[in-house]
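Trainee: Got a predicted structure plus its sequence, pasted below:
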Amino acid sequence: MDKKDTIHVCYAMVDKSGNYSKFTGAAICSLFANTNSAVIVHLLYDGQMTEANRAKFAQLARRYGQEIRLCNVQTAIPKTWAQAGAIFAESLNAERYTGANMYRLAIPELLPDVHRAIYLDADTIVNMDIAELWQEDIGESGLAAVPDIAVLEHFGRQDEVAPSQSFLYTECQATVDTVFNAGVLLMDLDCLRGRESNLLLEGVAFLKAHAEKFEFYDNDILIAFFAQTFTHLSWHYNIRLEWAQQFGRGQLVPGIYHYLGRNYGLNPAEPHYRMFLTYWGMSPWFNPTVLWHGYRVAVDNMQVQAKERLVKVRRIYNLCCRKQRVFVGLAMDEQRLRADFALGEDEPYMALAPGGQLRLPYDTATHAYIFFWSNYAEIKNLLENAGKKEYEDFADGTRLLEGQIDDLRVSEQTVMWNI
């Protein structure tokens, strides 16, 4: 029987190729390495796992004197999973999402003798003692999570958030203050089991009824059901890597870092990548020969992509030579951008507000719009639908900023994923 003070932490994954277990292994290693508390990890999966990875998970648990329990969701709750799987396969986009995305909704049924649990996405690194999160109050709803706005407020970027016209806002009563990422959850399982209906089956049925309106299936279910009632946790329990890199000035703090998919890199000079590499290096999955090979491949790919980026910079330069430039960005960035690019007093700067309308007051026959906006892809789509052409009428100004490496990081992510 588990001790009363044992911390229960759930991870979920599907690893048909055998390549993903190293990320989950690094995540669990960071969890074990930073706590003296007794922890049981419940690894939720679909029954497919190589013998080598099974052995490494067992080795990791032995190394830290902890326990990792493998839980095959399909055999643990066969009736419920068959019902949910039928609905999921019939009406939802299974190309983008696997069953693992829905496993967190099944935790109350999967762990009938556990009273509370922490759920962590497999792409997290725990840079703190997990006992701190375990001791937080969950509240009456049965669910606690970190609102997105809490993280942005910490970095002073809350003004970039605006209400959306998505289904969650218009019909589910979500607001900018209540949208959260479900990669870190604190769950009162007794409370969730006391709901009138099974959380997983209720969730997939809800998705089926509104399938075309949702973007992130599992996350959107929880927001739709709990936006008005969940307990708000501190920002540091779910720190999105992209925000930490963009706004955090490279400083690591105690907390849980969320790498959000394939956002891993091989550059040890970048502190967040170094943190992941440290825990991967402490895990049974570390292989220095493979790491070196991966790094060389990444460097070769980055050289190719650097040339491609130079082409983009030249195209922006040529565009600004042909037409008068109009910079577009946040009002708070105007002074810095004017100084960095030596904009004259007579050169226009348009302050674009999040969620505001995009207007082009200057004729694109004589003016070129240079956007400094994190979601440039959305702006590009809007303008191209309006008949405008990239590098003829507008361009992505962030390509010109020092330290802008998003286009170079992809090769590292791809290599890391396939090691």
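Mentor: That came through, no problem.
Trainee: most remote residue from this protein's center?
Mentor: Distance from the C-alpha centroid of the chain peaks at residue 346, with 41.0 Å (C-alpha atoms, centre = their mean).
Trainee: can you pull the contacts of the closest residue to residue 180 other than its chain neighbours?
Mentor: Leaving aside its chain neighbours, residue 180 sits nearest to residue 145 (4.2 Å; criterion: C-beta to C-beta, 6 or more residues apart in numbering). C-beta: built from backbone N, CA, C; applies to glycine. Contacts for residue 145 (C-beta atoms under 8 Å, 6 or more residues apart in numbering) come out as 180-182, 184-186, 222, 226, 230-233, 238.
Trainee: what's residue 145 sitting at in phi/psi?
Mentor: With angles defined as degrees, to the nearest 10, residue 145 sits at phi -150, psi 170.
Trainee: Could you report the distance from it to residue 72?
Mentor: Between residue 145 and residue 72 the computed distance is 26 Å (C-beta to C-beta, to the nearest Å).
Trainee: Let's test this: mean pLDDT of the strand or helix carrying residue 257, rounded?
Mentor: Using DSSP states H and E, residue 257 sits within strand 255-258. The average of the pLDDT scores along strand 255-258 is 98.
Trainee: Residue ranges in the stretch 151-300 of the chain under the pLDDT threshold?
Mentor: Within the stretch 151-300 of the chain, the stretches with pLDDT under 70 are 162-165, 211-212, 214-216, 262, 290-291, 293-295.
Trainee: Please enumerate the helices of it.
Mentor: 167-171, 189-193, 199-209, 217-226, 241-247, 271-282, 288-322 (DSSP state H, counting those that start in this stretch).
Trainee: all strands of the stretch 101-250 of the chain, in order?
Mentor: Here the stretch 101-250 of the chain has its strands, by DSSP state E, counting those that start in this stretch, at 116-120, 124-127, 143-145, 184-188, 231-232, 239-240.
Trainee: So which elements touch the fifth one?
Mentor: In terms of contacts (3 or more C-beta pairs under 8 Å, 6 or more residues apart in numbering; DSSP states H and E), strand 231-232 is packed against strand 143-145.
Trainee: can we see that at 6 Å?
Mentor: Contacts defined by 3 or more C-beta pairs under 6 Å, 6 or more residues apart in numbering; DSSP states H and E place strand 231-232 against no helix or strand at all.
Trainee: Neighbours of residue 322, how many?
Mentor: 9 (other C-beta atoms under 10 Å).
Trainee: hang on, the earlier thing: which strand or helix spans the residue farthest from the centre of the chain?
Mentor: Using DSSP H and E, no helix or strand contains residue 346.
Trainee: how close does it get to residue 320?
Mentor: Applying C-beta to C-beta, the value for residue 346 to residue 320 is 15 Å.
Trainee: Quick check on the contacts of residue 145: which are buried?
Mentor: Neighbour-count burial (16 or more other C-beta atoms under 10 Å) is assigned, among these, to 180-182, 184-186, 222, 226, 230-231, 233, 238.
Trainee: okay, now residue 56: neighbour count?
Mentor: Residue 56 - counted by other C-beta under 10 Å - has 17 other residues nearby.
Trainee: could you dump the strand or helix carrying it to PDB, C-alpha only?
Mentor: Element membership for residue 56 (DSSP H and E) is helix 51-64. In PDB, the C-alpha atoms belonging to helix 51-64 read as follows (Å, rounded to 0.1, in the frame of the first residue of the first chain):
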ATOM      1  CA  GLU A  51      12.200  -3.600 -24.100                       C
ATOM      2  CA  ALA A  52      15.200  -1.300 -24.000                       C
ATOM      3  CA  ASN A  53      13.100   1.600 -23.000                       C
ATOM      4  CA  ARG A  54      11.300  -0.500 -20.300                       C
ATOM      5  CA  ALA A  55      14.600  -1.400 -18.900                       C
ATOM      6  CA  LYS A  56      15.800   2.200 -18.800                       C
ATOM      7  CA  PHE A  57      12.700   3.400 -17.000                       C
ATOM      8  CA  ALA A  58      13.200   0.700 -14.400                       C
ATOM      9  CA  GLN A  59      16.900   1.600 -14.100                       C
ATOM     10  CA  LEU A  60      16.000   5.300 -13.600                       C
ATOM     11  CA  ALA A  61      13.600   4.400 -10.800                       C
ATOM     12  CA  ARG A  62      16.200   2.200  -9.100                       C
ATOM     13  CA  ARG A  63      18.800   4.900  -9.300                       C
ATOM     14  CA  TYR A  64      16.700   7.400  -7.300                       C
END
